[in-house]
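In: Test case, fold it:
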Amino acid sequence: MDPDEWPIWENKLNEREEVEVWFKPGRRKPDEIVPEKPVVVLGTKGLGIIANGCTTSGVIFRTDPDFEELKGKKKEEYKQEMNLVRVNIKRVNKKVPLADLKKQPIIANLHRTRETTTWLSNEQYEALKDLIDNPKN
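Out: Numbers count the residues shown, from 1 in each chain. As a prediction, this is how the structure comes out:
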């Protein structure tokens with residue numbers, strides 16, 4: 001999650017209801033992405049964990065239906081057809097700060113990943129899920 005886009009996402013995300021969004025699938029092979037894969041949304045530049053949910057589709061070649069909400073290069077990029085995966089997510093009850101991730105070696109460097117979508121190991125997902133379910137503050 002790019003912090004420059006956080007204002008758009010903050011308005012869209014809700015703690016009570018899931019919202020449908022579209023993500024780039026990253027480097028994963030399209031046939032490996034199926035519905036019901038868990039998703040954790042991690043914001044860079046200190047945002048921490050902001051949402052979670054699961055995929056509701058495989059990879060679909062299409063435009064992002066929310067491209068109008070973006071500006072400049074991002075708007076032009078997402079207006080083009082590309083591989084996307086539909087995800088239902090909702091805001092976490094309490095945002096998990098980046099400092100909490102950095103305390104756990106298995107997930108400490110996730111915020112440095114340059115991919116839009118990073119596929120996690122089961123251990124990484126479990127560590128993130130534990131932080132979401134059991135916030136420290």
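In: for the residue most central in space within the chain, what are its contacts?
Out: Most central in the chain under Cα atoms, centre = their mean is Val41, positioned 3.0 Å from the mean C-alpha point. Applying Cβ atoms under 8 Å, 6 or more residues apart in numbering to Val41 gives the contacts 1, 49-52, 89. (Each C-beta comes from the backbone N, C-alpha and C, glycine too.)
In: Mind checking which of the residues you listed are in strands?
Out: Under the assignment DSSP state E, the contacts of Val41 contribute 49-52, 89 to strands.
In: Could you dump the contacts of Val41 into a markdown table with neighbour count and distance to Glu17 added?
Out: Shown next, in a markdown table, are the contacts of Val41 (neighbours: other Cβ atoms under 10 Å; distance: Cβ to Cβ, whole Å):
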| residue | neighbour count | distance to Glu17 |
| --- | --- | --- |
| Met1 | 17 | 19 |
| Ile49 | 26 | 18 |
| Ile50 | 19 | 15 |
| Ala51 | 25 | 12 |
| Asn52 | 22 | 14 |
| Ile89 | 24 | 10 |
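In: For those, work out which two are farthest apart.
Out: Checked with Cβ to Cβ, the contacts of Val41 reach their widest spread between Met1 and Asn52, with 12.1 Å between them.
In: how about stretch 48-57 as CSV, C-alpha atoms only?
Out: Output in CSV follows, covering the C-alpha atoms of stretch 48-57 (Å, rounded to 0.1, in the frame of the first residue of the first chain):
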residue,chain,number,x,y,z
GLY,A,48,1.7,-1.0,9.1
ILE,A,49,-1.1,-3.6,8.6
ILE,A,50,-4.2,-1.8,7.6
ALA,A,51,-6.6,-4.5,6.2
ASN,A,52,-7.1,-8.2,5.6
GLY,A,53,-9.4,-10.6,3.7
CYS,A,54,-9.1,-13.1,0.9
THR,A,55,-9.1,-13.4,-2.9
THR,A,56,-12.4,-14.0,-4.5
SER,A,57,-11.2,-14.7,-8.1
